[in-house]
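Asker: Give the three-dimensional model of this entry:
(chains A and B)
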2 protein chains.
Amino acid sequence: MVSSQVVVDQQVQKVLDALKGRTITHVYFVACGGSSAIMYPNKYIMDREAKNLSSDVYSSNEFIHRNPRKLGENSLVILCSMSGTTPETVQAATFAREKGALTVGFTNNETSKLAQESEFVVKYEWAEKSVAPNTNLGLLYQLTTGVLSVLEGNDKFEKMVASLHNLQAIFEKSAEQYKEKAYQFGQQYKDEKVIYTMASGANYGIAYSYAICILMEMQWIHSNAVHSGEYFHGPFEIIDKDVPFIILLGLDETRPLDERALAFSERYGEKLVVLDAKDLDMTGIDEELKGYIAPLVLNHVLRRYAEQLAEARNHPLSQRRYMWKVEY
Amino acid sequence: MVSSQVVVDQQVQKVLDALKGRTITHVYFVACGGSSAIMYPNKYIMDREAKNLSSDVYSSNEFIHRNPRKLGENSLVILCSMSGTTPETVQAATFAREKGALTVGFTNNETSKLAQESEFVVKYEWAEKSVAPNTNLGLLYQLTTGVLSVLEGNDKFEKMVASLHNLQAIFEKSAEQYKEKAYQFGQQYKDEKVIYTMASGANYGIAYSYAICILMEMQWIHSNAVHSGEYFHGPFEIIDKDVPFIILLGLDETRPLDERALAFSERYGEKLVVLDAKDLDMTGIDEELKGYIAPLVLNHVLRRYAEQLAEARNHPLSQRRYMWKVEY
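Answerer: A predicted model of the protein is given here:
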């Protein structure tokens, strides 16, 4: 139980209550695209903190067809779809529930199909209209650390909930801090045909999301989220003075990978956009959790970069040629 | 034990003998770049087959810095580096061994640092100078199915070893079958600046390897291995008649994902290179294992495509600007 000054989301608390006395050995994080990307830092937390629990992240349809043999009544399956209508994610909830797994559906719409198919529902608010603890990532972090607390006695839960309640101010400060840089990014990179992103550890999912959702989906710019640790084993041969890379430096334990990738990139590249979480004012975030929470702030800042890029290119973030328009 | 007509690699057998009576709960597949990519189908086999074992694939330096809390004496850590000198992978072996894990180093050089730092060594032959069962993937498959056999009584091991001994003939037949198509690929795509790859399930690692090692590293062509299941949640907005995609269709359970991605791509794309494992003659491969073995054959065929692309572009696969040339 957390102390009185911090408030756990009641929907998350219900899941945690249900976990008590239940044997869970594996956590599956299941979603598609941008909703899948936000699962990655949760897997990072699980890996860093779990003494016994194992976990996996799968794109929803991969999860169903891969059909992990371990999936069953000792599994917790955490799903996410903003609209709650993503067919593969709805099917994944049905599939997991039929296997006896405990299912939790994160969605913005509590009457959606995902909400109906999941045993527990966590309704989150859309990032732009909410405060940090009530966003998808804010609530997922509460659940992930809560699961670790209930099942393994991990001590990060209370600190996480308290830290998340101080996060909105950091979001707002960082957006202001990077306002001019975001504008410059839009101006400088508006004519690029390819923009890579790069990160590792807790931040890789943010880089992945930026590559596939912002650049490829919303801007039709070629991209690829390169893992900083993989960079030197293939991808770095692509860098040159004309090749743009957005490089994220986190505060988590894998930061040295990003620093090394950046140092090399600075020698041979000239179009580098560096977002370093060390430049952020993380006041109010527990020291032990800064590495976990940095990706949420970087993500918030990057959204401003996306908006400025869209503005400079006269290509709204909502513009699509296929999504919602044709059958697929 | 396998029957007399099939021969298990003796190095693999030594590891399996050491596993008897030992408690292993988690398998870590750890390597970098192309050697990491070959771990993905092994993870696929683990997920499909393991009743209790859990597993993860990490790039070596991510593994060390992420420092999974579960890593310990109940862990099996399988590492791979062709030369046995990849610093991060050598360090990962040392790191894992210090934690008490059972370590197995796959390498082409049995006196290398990786061989020295690993408790067990499996020497493999370079693909171009070897037969299928003695390549990195051939030996890894023997170990993965062997581990499942020893620890969980899984029945695929013997069939896998027997099937692998029939694989070389399939490699040779498929290379001949795709010879002209490989040549045409080189001619048609030699001037492209961006080429995507796409796959899912057992074949995703092959698509990943082709994107980061062949295209980005060896040809300096922009690339990204898109997961077929993620395609419709972002990346598909990039496709157009001018955007090339290499699409792999496997024989494993996730094939419907690839088929759906292909069907959409055929409506809006015109530069599609489709490698469908259904077109392969898989004689001698156990019916139950065709899905697992298809990626090895697709990989073999894709190497021919790479050679023809390099030839047509007059850019040898061995050409580098940074790797082995500058410090990093």
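
Asker: Distance from stretch A:100-109 to the middle of the chain?
Answerer: Relative to the chain's own centre, stretch A:100-109 is displaced by 17 Å; criterion: C-alpha atoms, centre = their mean, to the nearest Å.

Asker: try stretch A:284-293
Answerer: Using C-alpha atoms, centre = their mean, the offset of stretch A:284-293 from its chain centre is 16 Å.

Asker: again, but for stretch A:274-292
Answerer: Relative to its chain's centre, stretch A:274-292 lies at 16 Å (C-alpha atoms, centre = their mean).

Asker: Quickly check: that stretch near chain B or not.
Answerer: No. Using C-beta under 8 Å from any C-beta of the partner chain, we find that stretch A:274-292 stays clear of chain B, coming within 10.7 Å at best. No exception for glycine: its C-beta is placed from N, CA and C like everyone else's.

Asker: State the mean pLDDT of that stretch.
Answerer: What stretch A:274-292 shows for mean pLDDT is 98.

Asker: buried residues in that stretch?
Answerer: A:274-277, A:280, A:282, A:285-286, A:289-292 (16 or more other C-beta atoms under 10 Å in any protein chain shown).

Asker: Quote the end-to-end distance of stretch A:22-38.
Answerer: Using C-alpha to C-alpha, to the nearest Å, the end-to-end distance of stretch A:22-38 comes out at 26 Å.

Asker: That stretch near chain B at all?
Answerer: Yes. Stretch A:22-38 reaches chain B (C-beta under 8 Å from any C-beta) through A:26, A:32-36.

Asker: And stretch A:138-146, by the same measure?
Answerer: No. Stretch A:138-146 stays out of contact with chain B when judged by C-beta under 8 Å from any C-beta, the minimum separation being 13.8 Å.

Asker: From chain B, how far out is the residue lying closest to residue A:173 once chain neighbours are set aside?
Answerer: Spatially, and ignoring its direct neighbours in sequence, residue A:173 is nearest to residue A:281 (5.7 Å; C-beta to C-beta, 6 or more residues apart in numbering or on different chains). Noted for residue A:281: a distance of 25 Å to chain B, by C-beta to the nearest C-beta, to the nearest Å.

Asker: that older thread, filter the residues of stretch A:22-38 next to chain B down to the ones in helices?
Answerer: A:33-36 (DSSP state H).

Asker: quick one on the thing from earlier: could I get the contacting residues of the residue nearest to residue A:173?
Answerer: By C-beta atoms under 8 Å, 6 or more residues apart in numbering or on different chains, the residues touching residue A:281 are A:170, A:173-174, A:177.

Asker: Can you report phi and psi for it?
Answerer: Here the main-chain torsion angles of residue A:281 (degrees, to the nearest 10) amount to phi -90, psi 110.

Asker: what do you get for the one 5 residues further on?
Answerer: Backbone dihedrals for residue A:286, given as degrees, to the nearest 10, come out at phi -50, psi 140.

Asker: what pLDDT does the closest residue to it other than its chain neighbours get?
Answerer: In space, residue A:286 comes closest to residue A:159 once its chain neighbours are excluded; the distance is 4.2 Å by C-beta to C-beta, 6+ apart. Per-residue confidence (pLDDT) for residue A:159: 97.

Asker: Dump the contacts of residue A:281 to TSV, plus pLDDT and distance to residue B:155.
Answerer: As requested, these are exported to TSV (pLDDT from 0 to 100; distance: C-beta to C-beta, whole Å):
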residue	pLDDT	distance to residue B:155
A:170	97	54
A:173	97	59
A:174	98	55
A:177	98	59
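
Asker: can you list these in CSV and add distance to residue B:325, secondary structure and neighbour count?
Answerer: Shown next, in CSV, are the contacts of residue A:281 (distance: C-beta to C-beta, whole Å; DSSP: H, G, I helix; E, B strand; the rest coil; neighbours: other C-beta atoms under 10 Å in any protein chain shown):
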residue, distance to residue B:325, secondary structure, neighbour count
A:170, 42, helix, 22
A:173, 43, helix, 15
A:174, 39, helix, 21
A:177, 39, helix, 16
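
Asker: Can you pick out the most distant pair from the residues you listed?
Answerer: A:170 and A:177 (9.9 Å; C-beta to C-beta).

Asker: Residues that sit against both of these two, list them.
Answerer: Taking C-beta under 8 Å, 6+ apart as the criterion, residue A:170 and residue A:177 both touch A:280-281.

Asker: Residue A:258: neighbouring residues, count only.
Answerer: Residues within reach of residue A:258, counting by other C-beta atoms under 10 Å in any protein chain shown, total 28.

Asker: wait, what's in contact with it?
Answerer: By C-beta under 8 Å, 6+ apart, the contact list for residue A:258 reads A:198-200, A:203, A:228, A:247-250.

Asker: Surely it is within a helix?
Answerer: Yes. Assessed with DSSP: H, G, I helix; E, B strand; the rest coil, residue A:258 lies in a helix.

Asker: Report the spatially nearest residue to residue A:24, omitting neighbours in sequence.
Answerer: Counting by C-beta to C-beta, 6+ apart, the residue nearest residue A:24 is residue A:76, at 4.9 Å.

Asker: thought the one you found was touching residue A:29?
Answerer: No. If you go by C-beta atoms under 8 Å, residue A:76 and residue A:29 don't touch, sitting 9.6 Å apart.

Asker: Identify the contacts common to the two.
Answerer: By C-beta under 8 Å, 6+ apart, no residue touches both residue A:76 and residue A:29.

Asker: To what extent is residue A:270 buried, counted in neighbours?
Answerer: Neighbours around residue A:270, by other C-beta under 10 Å: 12.

Asker: Surely it touches residue A:241?
Answerer: Yes. Contact criterion C-beta under 8 Å: residue A:270 and residue A:241 qualify, at 4.1 Å.

Asker: coming back round to it: max pairwise distance over the ones in helices among the residues of stretch A:22-38 next to chain B: which two?
Answerer: So, those by C-beta to C-beta: farthest apart are A:34 and A:36, at 7.2 Å.

Asker: of these two, who's got more company?
Answerer: Applying other C-beta under 10 Å to residue A:34 and residue A:36 shows that residue A:36 carries more neighbours, namely 29 against 21.

Asker: Enumerate every residue touching the closest residue to the more buried one other than its chain neighbours.
Answerer: Closest residue to residue A:36 apart from its sequence neighbours, by C-beta to C-beta, 6+ apart: residue A:59 at 5.5 Å. By C-beta under 8 Å, 6+ apart, residue A:59 lies in contact with A:30-32, A:36, A:88, B:227, B:229-230, B:233.

Asker: how about a cut-off of 10 Å?
Answerer: A:30-33, A:35-36, A:39, A:66, A:88-89, A:92, B:200, B:227-233, B:254, B:257 (C-beta atoms under 10 Å, 6 or more residues apart in numbering or on different chains).

Asker: Good, wrapping up.
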